[in-house]
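**Student:** Have a look at this prediction, sequence included:
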Amino acid sequence: MDTETGLYCIYTDGRTRYYDPVLMMYLDAETPENVFGNLNIINGLDRNAITVDNNINLIPNHDNIYTSSELYPDPFYDPDAEKSWWEINWKKAVQWISFCIMVAVTILLLIIPGTQAHGMGMLMAGIKFAISGAVIGGLIVGYINSKNGYSFWDGFVEGAICGAINGYTTGALLYGIANFKDIVASANRALSKGVYVLDPKIKSDIYQFESRAKLLEHFDRHNSQFRGLYETADDYLAGANNVIKNGTYNSTLNGYQMYYRITSKGKDLYHFVGMTRDGAYITTYHPKIF
């Protein structure tokens, strides 16, 4: 194709002819010898037609150009030369921007104590869709590559990456849409009650268990409920004192409670520290639903 004129240079029947894709006709007339063979066909004497039934005053039949030689594109022609970066890459840009937004939302929900359950749900939904997307996308693009004579595995890797990104975005977005009201309610409830992040490094000698044995007993019994928040019994004791210092006294249970987060079932989870009747010692420390 000639990029300056927009014409195709076709080599056929031992000579070169120019074809106009707009007019859908040859600009160079056919030789009389070849045309005379079409005397018995209506419009067969049109020397510029693509085919014998494609007269200039009739509707084009959109047939392909018939030639004995293969058509090759102009090696110097770049269809994207005059396009902007956005026109060329907008699909990939939207794909990556959407993916980054959903990852950021997932991380935000995981950080806020009141929405951690939903953050984990969004993460798991995104991962499930990402795995499915990677497998399906990899197989499809790999198959297309192999059919076109290219490497299956190169196509598989490209399709898997694209499928995983789109899959995570789709899975996380669907989870967010399905649980949008619950997520907003959890965040509002957590913020309205005040969200505290327990600091196990706060050391205090004000309140102790009645004995070291009692401390170790309750640490062994309840540590798993804190999901690794405390590494040692001393950290566990410091956490209990942190609840006493920053929490609210519950006269009915004779202890201190501090809001922590909302469970996956929508329940309010608190950290609770029980005290002896005289308030001198700690009797227990564990998560509790109110």
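**Tutor:** Perfect, thanks for sending it.
**Student:** only C-alpha atoms for contact and neighbour calcs from this point on.
**Tutor:** Will do.
**Student:** looking at it, residue 250 is touching residue 257, isn't it?
**Tutor:** Yes: with contact taken as C-alpha atoms under 8 Å, residue 250 and residue 257 are classed as touching, separated by 6.8 Å.
**Student:** More neighbours: the two, which one.
**Tutor:** Taking neighbours as other C-alpha atoms under 10 Å, residue 250 and residue 257 compare with residue 257 leading, 26 against 13.
**Student:** How about the residue nearest to the more buried one when sequence neighbours are not counted: which residues does it bridge to?
**Tutor:** Distances taken as C-alpha to C-alpha, 6 or more residues apart in numbering place residue 272 nearest to residue 257, at 4.4 Å, with adjacent residues excluded. Assessed by DSSP bridges, residue 272 has beta-bridge partners residue 257, residue 286.
**Student:** separation between residue 180 and residue 125?
**Tutor:** For residue 180, the distance to residue 125 equals 14 Å [C-alpha to C-alpha, to the nearest Å].
**Student:** wait, I meant residue 216
**Tutor:** 39 Å.
**Student:** who has more neighbours, those two?
**Tutor:** Applying other C-alpha under 10 Å to residue 216 and residue 125 shows that residue 125 carries more neighbours, namely 21 against 16.
**Student:** next structured bit after the helix or strand where the more buried one lies?
**Tutor:** Counting by DSSP states H and E, the element that carries residue 125 is helix 116-147. The element immediately downstream of helix 116-147 (helix or strand, assigned by DSSP H and E) is helix 152-178.
**Student:** Only the buried residues of that next one, if you could.
**Tutor:** Counting neighbours by 16 or more other C-alpha atoms under 10 Å, one finds that the buried residues in helix 152-178 are 152-153, 155-157, 159-173, 175-176.
**Student:** cool, stretch 260-268 as well?
**Tutor:** Taking 16+ other C-alpha under 10 Å as the neighbour-count basis, stretch 260-268 is seen to contain the buried residues 260-263, 268.
**Student:** Take those residues and lay them out in CSV including distance to residue 188.
**Tutor:** Below are those laid out as CSV (distance: C-alpha to C-alpha, whole Å):
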residue, distance to residue 188
260, 14
261, 12
262, 11
263, 14
268, 13
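**Student:** Max pairwise distance over those residues: which two?
**Tutor:** Greatest spacing in the buried residues of stretch 260-268, by C-alpha to C-alpha: 260 and 263 (9.6 Å).
**Student:** what is in contact with the two at once?
**Tutor:** By C-alpha atoms under 8 Å, 6 or more residues apart in numbering, residue 260 and residue 263 have these common neighbours: residue 269.
**Student:** helices or strands up against the one helix or strand residue 236 maps to?
**Tutor:** Under the assignment given by DSSP H and E, the secondary-structure element containing residue 236 is helix 233-246. When contacts are defined as 3 or more C-alpha pairs under 8 Å, 6 or more residues apart in numbering; DSSP states H and E, helix 233-246 sits against helix 212-222, strand 255-262, strand 268-275.
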